[in-house]
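Chemist: sequence unknown, structure follows:
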């Protein structure tokens, strides 16, 4: 029998991982992935059936293009008109969809108005905020020919309180989505809007504040060629090592501990059509990089405030962490440049300097092998 080499050991480990993946998923989810693999070809289906997944397909023809709305980062002024009083009162479970419109100036300066529906969402912000976060619901026919075409039910991330400080939190969080997109395409696209909040009941404008619209999970999956599957209980070995390491290091970079991979709290699981699972992070307003006045840490954690970093990602092999660190180092100039471009200039100058100093501390850590090992690689959760 041939001697086992690191390469064959790695292949055996991957085989075991994919077989564990199939046993972890619900039968209906396995069927979904199998159907997706069949759609990409017999070879893709065969690898999934055998419990072995290859690299994600490179054929861009099998992937959807992101809606035109997300292909620009230029902020646009939009007026949201709806029953503000009704929306603010919708704090119970299963809130109703309320009639709304979004209006903006078209290319020739004419007013474009798109009818849609909106309803409240969320947990903490829904109970606490002056204006709740919303989910928008577009009709394909009504939005055709407008900037919102091909959007279905995206999230609108809006101000919590009508004050400059809270608007800065929106801008800071939006920047973190931009950073994440620089690091990996396995992340949500987002676009900033200057939103005018108008009440359909009395015609009054209640606020003018920045907000952003997020790419939907289904749209992300279509863009990358796969599915989002809501299956809790993922372990380190169920996930792609590199993407999982990058996910954990990103959360550490922004100082976020408000997530759970196993519990799918502020995490989605993207599965390629070959069955490779990758975590996707979202909802960063409790991150230390933002340092919102309302952000608190879980009392069970060994940190006192959100500015203190604590690595809560899963354990992966050293090579996966090394690759993740290398990406952060390569992208550092582009990350920092986001805070001096046209969108970065919307932020308070003091907040920009504070944020970049916070990022400097992260880079000091990963540039020191001993610190990186102690603070990240040895502080991880579980074993793959």
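Modeler: Arrived safely. In this text, all values refer to a predicted model and were calculated from it rather than measured experimentally.
Chemist: give me the residues contacting the helix or strand where residue 136 lies.
Modeler: For residue 136, the host element (DSSP states H and E) is strand 134-138. By CB atoms under 8 Å, 6 or more residues apart in numbering, the residues outside strand 134-138 that reach it are 87, 97, 100, 102, 114, 116-121, 148, 151-156, 158, 213. C-beta here means a position set from N, CA and C on the backbone, and glycine is covered the same way.
Chemist: could you check the pLDDT of the closest residue to residue 321 other than its chain neighbours?
Modeler: Among residues not flanking residue 321 along the chain, residue 245 sits closest, at 5.0 Å (CB to CB, 6 or more residues apart in numbering). pLDDT, residue 245: 98.
Chemist: which strands and helices sit next to the strand or helix carrying residue 245?
Modeler: Assigned by DSSP H and E, residue 245 belongs to helix 241-254. Here helix 241-254 touches helix 164-183, strand 277-281, helix 318-337, helix 349-366, going by 3 or more CB pairs under 8 Å, 6 or more residues apart in numbering; DSSP states H and E.
Chemist: that helix to strand 277-281, inter-axis angle?
Modeler: Computed by axes from the mean of the first three to the mean of the last three CA atoms, to 10 degrees, the angle separating helix 241-254 from strand 277-281 equals 10 degrees.
Chemist: was I right to think residue 208 contacts residue 197?
Modeler: Yes: between residue 208 and residue 197 there is a contact under CB atoms under 8 Å: 7.5 Å.
Chemist: more neighbours: these two, which one.
Modeler: Using other CB atoms under 10 Å as the criterion, residue 208 and residue 197 rank with residue 197 on top: 21 against 15.
Chemist: report pLDDT for that one.
Modeler: Residue-level pLDDT assigned to residue 197 equals 97.
Chemist: and it, that's in a strand?
Modeler: Yes: counting by DSSP: H, G, I helix; E, B strand; the rest coil, residue 197 is found in a strand.
Chemist: thought residue 308 was touching residue 287?
Modeler: No: counting by CB under 8 Å, residue 308 sits too far from residue 287 to count as a contact (11.8 Å).
Chemist: which neighbours do the two share?
Modeler: Shared contacts of residue 308 and residue 287, defined by CB under 8 Å, 6+ apart, are found at residue 255.
Chemist: give the buried residues for stretch 63-81.
Modeler: 63, 66-67, 69-70, 73, 75, 78-81 (16 or more other CB atoms under 10 Å).
Chemist: between the two ends of it, how far is it?
Modeler: Using CA to CA, to the nearest Å, the end-to-end distance of stretch 63-81 comes to 34 Å.
Chemist: what of stretch 306-324?
Modeler: End to end - CA to CA - stretch 306-324 spans 23 Å.
Chemist: who's more crowded, residue 308 and residue 287?
Modeler: The neighbour comparison of residue 308 against residue 287 (other CB under 10 Å) goes to residue 287, with 24 against 13.
Chemist: so what's that one up against?
Modeler: Residue 287 touches 173, 176, 254-256, 258, 295, 306, counting by CB under 8 Å, 6+ apart.
Chemist: helix or strand for it, which one?
Modeler: Here residue 287 is assigned to no helix or strand, by DSSP H and E.
Chemist: what do you get for the one 10 residues further on?
Modeler: Assigning secondary structure by DSSP H and E places residue 297 outside every helix and strand.
Chemist: give me the distance between it and residue 253.
Modeler: As for residue 297, its distance to residue 253 is 17 Å (criterion: CB to CB, to the nearest Å).
Chemist: got it, and residue 215?
Modeler: From residue 215 over to residue 253 (counting by CB to CB), the distance is 21 Å.
Chemist: about what we covered before: can you redo the helices and strands packed on helix 241-254 as a markdown table, where the extra columns are distance to residue 109, mean neighbour count and mean pLDDT?
Modeler: Formatted as a markdown table, these follow (distance: least, CB to CB, whole Å; neighbours: other CB atoms under 10 Å; pLDDT from 0 to 100):
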| stretch | distance to residue 109 | mean neighbour count | mean pLDDT |
| --- | --- | --- | --- |
| helix 164-183 | 27 | 21 | 98 |
| strand 277-281 | 38 | 23 | 98 |
| helix 318-337 | 32 | 16 | 98 |
| helix 349-366 | 33 | 16 | 98 |
